[in-house]
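> Dropping a prediction and its sequence here:
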Amino acid sequence: MATQGGVSKRKAREEKRRAQLKARNRQQKRESTKTAQETREVSELCKTIEEGAPAPGSNPLSLEQAAAGSYAGARTFEELPLSKYSKAALKEAGYVNLTAIQRAALPHALAGRDILGAAKTGSGKTLCFLVPLVEKLYRQAWTRLDGLGALVLTPTRELAMQIFEELVKVGKRHDMSAGLLIGGKAVQEEATRVNAMNILVATPGRLLQHMDETPGFETHALQLLVLDEADRILDMGFAATLDAIIANLPTEGRQTLLFSATQTKSVRDLARLSLQQPEYLAVHSEAAAPTPLKLRQAYMVVGLGQKMDVLWGFIKSHLTSKTIVFLSTCKQVRFVYEAFRKLRPGTPLRCLHGAMKQGKRLGVFEAFNAPNASGGGGVLFATDIAARGLDFPDVDWVLQADCPEDVAAYIHRVGRTARYTASGRSLLLLLPSERDAMLSQLAEAKVPLQQLRHNPHKVTPIGPSLSALLSKNVELKAFAQSGLVSYCRSVYLQPNKAVFDAAALPLEEYAESLGLLAAPQLKFMRRVGKKVVEEVVVGASGDAAAAAAAAAGAASNKQQQLGKRKRQEQQQQQQPPADDTNGDQAGGGGSSSNLESEDEGPSQQQQQAAVDDPSSSRNKRKQPDQPAAAAAAAGDADDDFLTIKQRDVFDVASDDDEQQQQQLLPPEALAAAAAAAAKPKKRKKQRIKLGAVSGQRTVFDDEGQQLDPLALLATEGFGSGEGTGDAAAAAAAAADGDGLHVVAGAAGDRFERAAKLMAARDRADKKALAALRKQAKLEKKIKRKAAAQGEEAPIAMLGGGSDDGYSSDDDAAGGYSSSDDEGPAAAAEPDVAYLGMARKSAAAGQQQQQQQQPAKAKQRQKKQQQQQQQQQEPTAEQEAAAPAKAKQQQQQQQQPSKKAPAAASLAEQEALALQLLTSQPWCITNGAVSTRL
Ligand SMILES: Nc1ncnc2c1ncn2[C@@H]1O[C@H](COP(=O)(O)OP(=O)(O)OP(=O)(O)O)[C@@H](O)[C@H]1O
């Protein structure tokens, strides 16, 4: 039996070995056939490319169809000299016909030429470099042993991930390795595999890190370098990193492809890349607009104080739309997202910014990237990390809540919608101070814009709701504060000074709109203010009118424009409710829902001026029918949040505006306007500015009387006599009409003193914040400890507020300091109070504690009880001193103790801190926001 079993086992083993051998032979045969086929295919492809390549410098897009013997002019992927692997993969991914930029770029790229390609957003530039990349390595029979053959650089991690996914689709049948190198992942993990990669998609920073740190990371064989969003990678932000990367790459025999919707033309930039006779392919340079055809773009002028309301109103009115909202800083995104989430608009909210952890970033990206199966909407609040290249499907709206830094940023942001053949809409919110310059820059770039205004019935102020939220949530308040500061700083730092004017930001209004009680005092903003003062002082000579004129002369054009804009703003504020106008515009239909009208040209501008002008009688009359017709044509009847104002505003910044408005005014209104203009408005405004040394807050005394802004200095430690004296002198000087330079001179001193005071406050604020942080840390630690010991929920940490779910009754009853709670355990650990026990009898509480306490604690308790007993048996001396002591105790009971028990004092501290956080103004010191305590 044993021998029989052994024989059958041996037979089975032999059969298995034979089967394996057969399989290996088959595999080898297949591979050699495949290699032979591939070799044949590669040689054919090389021949076709060599013979049929378009002439250098030609634009294949101009060809109607592929010429005989040439693949230039191909209209489908099938007509291009591509491997059958690539063709099959492209077909599987649903790519059949070529887009314009693909028709122009692919023939040149396949021929191995360097390319500088520019085309509108969403026009398919990704395939313009991925297909030639895969094909080039395939034609060179690149194997895994050959190392790094192609490198794609992109400015953001999300874009790198998206390109990588696309690469996997296109190259799925090829035998190559590809890797994704982005920050936020363990570099060591990547280092083990990076050397085995044939293709890398990377962000510049992480790639350079591997070049510096990963042993054996070689790039000498690189065949192809791609810069997606080339202008961004070539700009200042990446300059040093890119130069270091390029220094590590071979220049000989390397093909370089650069693509973007907004291409760089800087010769110096291109010289850094050592391009070899590049083909410049800007397929949409002759187009009417640099933005997608199916994108409807609009702007709206909104004061900074109303931005949050408009944003909220927009979201509430577009709950089923998929929207991306762009804000300028991470901190703003964080605040708006957190605050709106708590206000529950009724649509999913997400946020994406650079300060998020990579895992979260990826999760949000994937979630927003998922096709919208249910058809429901959603909002993504994002910084400019989502502005370039990302191909989120089905985005209906792009809302730029903050002005983009330049036209290129605008084009990329709006390009997140209306991609490929889809349509989309965008709305740009502009501050009155940004309007003219930004619109003229956009007009210069031929961006077609229509002016809209919001339906006031759809906008409710959310400041009070935010304020209520902030008063309960210290963290959210800190977010609001840092959001505000970061926004102001971003405006202050913008190089595009024609558009961004930090001095024109109405901080008080903005702070209020975020739910804050007061605006911060920002050092950098004070520098802006100081500059204005200096300009005025330089211009001051003799009387105030001359000084104002000199100041106006010295000030930049921008400032003059600002004055003009402010006048316009004032006019707009006096305007009758916007819905009246819109109702009229809608042709009496009562609906203010139109987004587009067909009328353009100068008459439009006149119409605009009439709409803007409150005194124009045309405003009160019905407008012609055309907007109603346009509305019907536009099919926007569902959008009752936005209402039409004007279409294609190209020269809103022109100096003729005022003139045009005046032409439309009736004579009486003109006379009134002339009288108003004759008043020395400017002087008055400047005086207010100069006096507002410590911000433009209204200051009230204890009785609630409004104080002169200058008197603030007197009340805040500069010597009341001097301060009031200054204020009075300033007021007197101002009254006699010669006050401008006097006030300006005095302001210098005050600035200095105010700066000192603020510095002292800042230090105090910092200390207070540090104490708060320390306390929060302590709470967390105690909580963790408690959780680890398996203690149940009813343990509250001192200073922990009501987050732990305690009833307000307990809090109101002063649960922290209830004498019932201060058992031996509480005495031993003064930072922990067992609030849950306040509801039970002290005895029950003690019993429970005894059950929970470990043996050591029991011993300690016993010892303390013994001590108490000893204390209860008074000595003769104690008996003698007893009456005096009793009296003292009685006094102590009657007078609230100055030094409260530890628990009570901490609770008080917390309450005080909370109160101060929600009521005091706050400052900024070296970037850290702190609360003035
Ligand atoms: N030939 C094609 N046929 C069908 N769909 C295509 C084709 N080319 C590209 N697309 C699709 O068009 C969309 C936009 O493509 P892509 O992301 O490459 O645009 P882009 O020009 O790089 O945009 P951006 O300038 O914003 O980076 C993608 O969803 C892509 O799948």
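Cool, the structure landed.
> Now do the residue of the stretch 451-600 of the chain at minimum distance from the ligand: how many residues are near it, please.
Distances between the stretch 451-600 of the chain and the ligand by Cβ to the nearest ligand atom are smallest at residue 496, namely 21.8 Å. The C-beta positions use only the backbone N, C-alpha and C, and glycine is treated the same way. Neighbours of residue 496 under the rule other Cβ atoms under 10 Å: 16.
> What of residue 330?
If we define neighbours as other Cβ under 10 Å, then residue 330 has 20 of them.
> what about stretch 436-450, start to end distance?
Taking Cα to Cα, to the nearest Å, stretch 436-450 runs 14 Å from one end to the other.
> and the residue of the stretch 451-600 of the chain closest to the ligand, that's in a helix?
No: counting by DSSP: H, G, I helix; E, B strand; the rest coil, one finds residue 496 to be coil, located in no helix.
> Can you verify my assumption that it contacts residue 408?
No: using Cβ atoms under 8 Å, residue 496 is not in contact with residue 408, being 11.1 Å away.
> State the mean pLDDT of stretch 249-257.
Stretch 249-257 comes out with an average pLDDT of 92.
> try stretch 415-424
96.
> Dihedrals phi and psi, residue 453?
Backbone torsions for residue 453, taken as degrees, to the nearest 10, come to phi -140, psi 150.
> What's opposite it in the beta bridge?
residue 643 (DSSP bridges).
> Surely it touches residue 298?
No: between residue 453 and residue 298 there is no contact, the gap being 9.8 Å when judged by Cβ under 8 Å.
> what residues are shared contacts of the two?
Residues touching both residue 453 and residue 298 by Cβ atoms under 8 Å, 6 or more residues apart in numbering: residue 642.
> Quick one: name the residues of the stretch 101-250 of the chain near the ligand.
If contacts are counted using Cβ under 6 Å from any ligand atom, the residues of the stretch 101-250 of the chain sitting beside the ligand are 102, 119, 121-127.
> what packs against whichever strand or helix holds residue 486?
For residue 486, the enclosing helix or strand under DSSP states H and E is helix 474-493. Packing partners of helix 474-493 (3 or more Cβ pairs under 8 Å, 6 or more residues apart in numbering; DSSP states H and E): helix 330-343, helix 463-472, helix 507-513, helix 523-539, helix 902-919, strand 928-931.
> what's the distance between residue 774 and the ligand?
Separation of residue 774 from the ligand (Cβ to the nearest ligand atom, to the nearest Å) stands at 47 Å.
> mind listing what that residue touches?
Taking Cβ under 8 Å, 6+ apart as the definition, residue 774 has no contacts.
> model confidence over the helix or strand harbouring it, on average?
Under the criterion of DSSP H and E, residue 774 resides in helix 739-788. Helix 739-788 shows a mean pLDDT of 71.
> do the same with stretch 46-60
91.
> Please list the residues outside it that contact it.
The contact list for stretch 46-60 (Cβ under 8 Å, 6+ apart) reads 69-74, 81, 103-104, 107-108, 110-113, 139, 277, 279, 281.
> Stretch 349-361 now?
With Cβ under 8 Å, 6+ apart as the criterion, stretch 349-361 contacts 157-158, 182-185, 330-331, 333-334, 337, 340-341, 364-365, 367-368, 378-383, 385-386.
> buried subset of the residues you listed?
Neighbour-count burial (16 or more other Cβ atoms under 10 Å) applied to the contacts of stretch 349-361 gives 157-158, 182, 330-331, 333-334, 337, 340, 364-365, 368, 378-383, 385-386.
> Flag every residue of this structure that's near the ligand.
So the chain meets the ligand at 95, 97-99, 102, 119, 121-127, 261, 389, 391, 415, 419-420 (Cβ under 6 Å from any ligand atom).
> Report the buried members of these.
For the residues of the chain next to the ligand, buried by 16+ other Cβ under 10 Å: 95, 98-99, 102, 119, 121-127, 261, 389, 391, 415, 419.
> Select from those every entry located in helices.
102, 125-127 (DSSP state H).
> which pair in these spans the largest distance?
Farthest-apart pair in these is 102 and 126; separation 9.8 Å (Cβ to Cβ).
> Identify the contacts common to these two.
Counting by Cβ under 8 Å, 6+ apart, residue 102 and residue 126 have no common neighbour.
> Could you list the low-pLDDT ranges of the protein?
1-3, 64-68, 264-268, 372-375, 526-640, 643-751, 754, 787-933 (pLDDT under 70).
> try 50
Low-confidence segments of the chain (pLDDT under 50): 532-638, 646-666, 669-670, 673, 677, 680-745, 790-856, 871-886, 890-933.
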